[in-house]
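Visitor: Predicted model, plus sequence, below.
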Amino acid sequence: MTSELRPSVKTPIPGPESERLNKRGRDILMGIGLSDGESLVPFVSRYRDGWFLEDVDGNRFIDWVSGWAAAPLGGNHPELVEAAHQAMREYGTECLSAIKTWHQMEFAEKLVEIAPEPLKRVLYDTTGSEVVENAVRVMREAAGPGRPFVITFLGSFHGGNYGTGAMGPHQPHYAHAIEPFMSGWINVPFPTCYRCPFRLEYPGCDIACLSYIDEMILKYKATPESIAGVAVEFVQGENGVQIPPPEWPKRLFDLCKKYGWILYNDGVQEGVGRTGTFFAIEHWPEVEVELLSLGKGTSGGLIPICYTLGADRMSDPASRIYTGGTFAGSPVGCAVGVKLIEVMERDRVLDNVLELERIAKERFGALKERYEIVGDVRVIGAYMCVEFVEDRDSKEPARQIAQEIGERMVELGVVSIYEPAFSYIRPTPALNMPPELFALGCDLVEQAVDEVSRTHAKGIA
């Protein structure tokens, strides 16, 4: 492998310039990870180049964050940048509710062309929180009066505003200053099989977490006729890449058909190829959703743009409510979105995702076999999680161990998602990352796991 495809860490992390800027940030910024100077990683990044990040001290890292899954083709992909520049020269921004542009038509036509049935309409938005909240508004309007409730799943992350922050909810600390939650959400268990809330094991459980809706919610909480629909991430990313049992999505779909509920898929993070198919729902072809939102990677991490695809019957309800905003359906974002799909199809990017998946299952699976601190490995496409435990019997989350492994990975030259509140690392590499570079990152993960395991005197599995 050439030196251009390797990380290079020359200073302690953080380096002196990062230290200086972190101190400056503590004085002028505010917010989690900003006012305290302690963001996910301790260095200050200078620029992203393809599959690498370079910090202000000249250190170079393999990027397994990808803008939190918002840069599916890596940083500054030249064809996406050129598409953005061209659209900026032609137009810049426009308020879609006042003036439509051809960029919006072209992107919508492309989306409808590749979308699964029955999705034939496009509703533009700007951010993930907005697009989810507006999709739920469309759902409720389509369901009609007398159906105020929406079923959602514990552990989901749908956004950070007052409405979406209560939909999962994801974690108590995410909901700080949002409580008391807005009403209307009915939160039910998701199939987190490694830590089943019912203390059962799949497949002998007969998917008890889904039966809970019929046997508990509809008995004690709400009638079927008071529920507008169900909002679901089919793979819960922020909750540690929780992948449902194969039959779960179809059984959920059947439940919605039984009661006349609208099924809505929040695919903001799981979409745009992250799971190995452009839309995650394509893993379950027998399942149809009437609303599906995408965002994050839609424009390659360059311009914020999100959208909801809807069935034809969602069009009239959508026209009766105000959605969108000044930057919804940005002409620049639309132009980049068209180019992104073109590049992904031409370069067979989804084939590469499947190769990354194969490597991840092999390499991370080997860690689980070897190290007792590795409790579970969950991989679908380039959506990955390695979960750490204090011991395998109790499955007690090993948050400190996970934090130390994430920090050591940075020192070795690979940056992944890890957070103090969680007991896992969550790699989200670019979908087009060369397999040999991803494998090198796996080498560094193994080194970090081995070193931290020995530090804590943990044994071999």
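Guide: Arrived safely. Residues are numbered from 1 along each chain as shown.
Visitor: So residue 80: helix, strand or coil?
Guide: Here residue 80 is recorded as helix under DSSP: H, G, I helix; E, B strand; the rest coil.
Visitor: buried sites along the host helix or strand of residue 368?
Guide: Taking DSSP states H and E as the criterion, residue 368 maps to helix 349-370. The neighbour-count check on helix 349-370 (16 or more other CB atoms under 10 Å) flags 349-350, 352-353, 356-357, 359-360, 363-364, 367-368 as buried. C-beta here means a position set from N, CA and C on the backbone, and glycine is covered the same way.
Visitor: Name the nearest of the residues you listed relative to residue 215.
Guide: Comparing the buried residues of helix 349-370 against residue 215 with CB to CB places residue 368 closest, at 33.9 Å.
Visitor: So for that closest one, what's the nearest residue that isn't a sequence neighbour?
Guide: residue 374 (4.5 Å; CB to CB, 6 or more residues apart in numbering).
Visitor: quick one: contacts for that neighbour?
Guide: Applying CB atoms under 8 Å, 6 or more residues apart in numbering to residue 374 gives the contacts 364, 367-368, 386-389, 449, 461.
Visitor: One more: residue 208?
Guide: 198, 200.
Visitor: Please repeat the previous calculation with a cut-off of 10 Å.
Guide: 189, 191, 196-200, 202, 215 (CB atoms under 10 Å, 6 or more residues apart in numbering).
Visitor: Name the member of those residues with the most neighbours.
Guide: Highest neighbour count within the contacts of residue 208, by other CB atoms under 10 Å: residue 191, with 21 neighbours.
Visitor: Over to that residue: give its phi and psi.
Guide: Per-residue torsions, residue 191: phi -70, psi 80 (degrees, to the nearest 10).
Visitor: doesn't residue 232 make contact with it?
Guide: No. Using CB atoms under 10 Å as the test, residue 191 is too far from residue 232 to be in contact (11.1 Å).
Visitor: Quickly list what's touching both of the two.
Guide: 153, 244, 248, 252.
Visitor: Now tabulate these in JSON lines and tack on distance to residue 270 and secondary structure.
Guide: JSON lines is the format used below for the shared contacts of residue 191 and residue 232 (distance: CB to CB, whole Å; DSSP: H, G, I helix; E, B strand; the rest coil):
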{"residue": "153", "distance to residue 270": "13", "secondary structure": "strand"}
{"residue": "244", "distance to residue 270": "12", "secondary structure": "coil"}
{"residue": "248", "distance to residue 270": "15", "secondary structure": "helix"}
{"residue": "252", "distance to residue 270": "15", "secondary structure": "helix"}
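Visitor: For ChimeraX, write the select line for the buried members of these.
Guide: In ChimeraX syntax, the buried subset of these is picked out as below (16+ other CB under 10 Å):
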select :153,244,248,252
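Visitor: which outside residues touch stretch 244-255?
Guide: Under CB under 10 Å, 6+ apart, the answer for stretch 244-255 is 151, 153, 190-193, 202-203, 205-207, 209-211, 213-214, 218, 224, 230, 232-236, 261, 263, 265, 280-281, 283-289.
Visitor: Noted, bye for now.
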